[in-house]
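*Asks:* After the sequence you'll find the predicted model.
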Amino acid sequence: MKRSLFIVGNWKMNTTLQSAKSLAADVVKGLDGKLSGVEVGVCPPAPFLLPVAEALRGSQVVLGAQNASNEKPGAFTGEVAIEMLLDVGCQWVILGHSERRQFFGDTDEIINKKVLAALDRGLKVIFCIGELLDDRQSGRTEAVLEVQLAKGLLNLTAAQMERVVIAYEPVWAIGTGVTASPEQAEETHAYIRKWLTTRFSSSVSDATRIQYGGSVKGDNAKELLAKPNIDGALVGGASLKADQFLAIVRAASEVATIS
Ligand code: 13P
């Protein structure tokens, strides 16, 4: 029995107030209440979380943020607190995205603090990991992922893992149009699941959803999602057009129905 699939749109630093509201409304309309075996979420930029929450109201689409501070509300200019995200209706937060690791200095240690803070204070976490092209070409993928997993999930309990989804996003596949082949992704997902068994237990490993991210589109989603260890997708570019995002959700729905 396959874990329930989780399809999430990461809008990154895109959209305007108007386009964010209409994109959210179009996603809700396109789903038309029919979501069998698939959970759907969107993660707009922070200023648009509240209007998007309003557009999602009454639907099954869940709301997530793209980052959070681990600090409690206070004197931290420019940061957004977990409490604020909860306040505007977020259930999820993406942490450890490669763009944050690469451009904003989010180290494994900082990400771990954020993961623990988010879980302690009521958010669920999409925890991202992924190797660079150079790592893959030189056969270091598993070694790199092992460090990201061990450090990013340091001190988490098995109970906390119930509220964590892992997103495997090979950096070389993000925004490049190059997708990991379903076989490459499956092999890496299987490695992550094995790591979860060793670090936690086979029940945590069996229950944890592992999303794939990196140039997921309507026409490659089904093949990826059909793999036994791929439990959803974290979608960048294709989540900015409702029809493209909905095509991915539809592919997930087809996979969920046949498995
Ligand atoms: P793309 O789908 O644009 O490759 O982005 C993937 C991603 O980074 C999602 O978090």
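*Replies:* Arrived safely, thanks for sending.
*Asks:* Straight-line length of stretch 67-81, end to end?
*Replies:* 9 Å (Cα to Cα, to the nearest Å).
*Asks:* actually stretch 80-98, not the one I typed
*Replies:* The first-to-last residue distance of stretch 80-98 comes to 19 Å (Cα to Cα).
*Asks:* So for that stretch, what gets flagged as buried?
*Replies:* 80-82, 84-86, 88, 90, 92-98 (16 or more other Cβ atoms under 10 Å). Where you see a C-beta, it was placed from the backbone N, CA and C, and this is true even at glycine.
*Asks:* Next to the ligand in this structure, residues from this structure, please.
*Replies:* 10, 97, 169, 174-175, 213-216, 234-238 (Cβ under 6 Å from any ligand atom).
*Asks:* ok, residues contacting stretch 111-120?
*Replies:* With Cβ atoms under 8 Å, 6 or more residues apart in numbering as the test, stretch 111-120 has contacts from 67-71, 82, 93, 95-96, 101, 106, 124-125, 127, 151-156, 160, 163-164.
*Asks:* again, only using 6 Å
*Replies:* Contact partners of stretch 111-120, identified using Cβ atoms under 6 Å, 6 or more residues apart in numbering, comprise 68, 70, 82, 93, 95, 96, 125, 151, 152, 154, 160, 163.
*Asks:* Tell me the buried residues in that stretch?
*Replies:* Buried, per 16+ other Cβ under 10 Å, within stretch 111-120: 111, 112, 113, 114, 115, 116, 117, 118, 119.
*Asks:* Columns pLDDT and secondary structure on top of the residues you listed, output as TSV?
*Replies:* Listed next are the buried residues of stretch 111-120 as TSV, based on pLDDT from 0 to 100; DSSP: H, G, I helix; E, B strand; the rest coil:
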residue	pLDDT	secondary structure
111	98	helix
112	98	helix
113	98	helix
114	98	helix
115	98	helix
116	98	helix
117	98	helix
118	98	helix
119	98	helix
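*Asks:* Nearest to residue 41 among those residues?
*Replies:* Checking the buried residues of stretch 111-120 against residue 41 by Cβ to Cβ gives residue 118 as the nearest, at 14.9 Å.
*Asks:* Now for residue 163, how many residues are close by?
*Replies:* The tally of other residues near residue 163 (other Cβ atoms under 10 Å) stands at 15.
*Asks:* Show me what the closest residue to it other than its chain neighbours is bridged to.
*Replies:* Excluding the flanking residues, the one nearest residue 163 by Cβ to Cβ, 6 or more residues apart in numbering is residue 124, at 4.4 Å. Beta-bridge partners recorded for residue 124 (DSSP bridges): residue 92.
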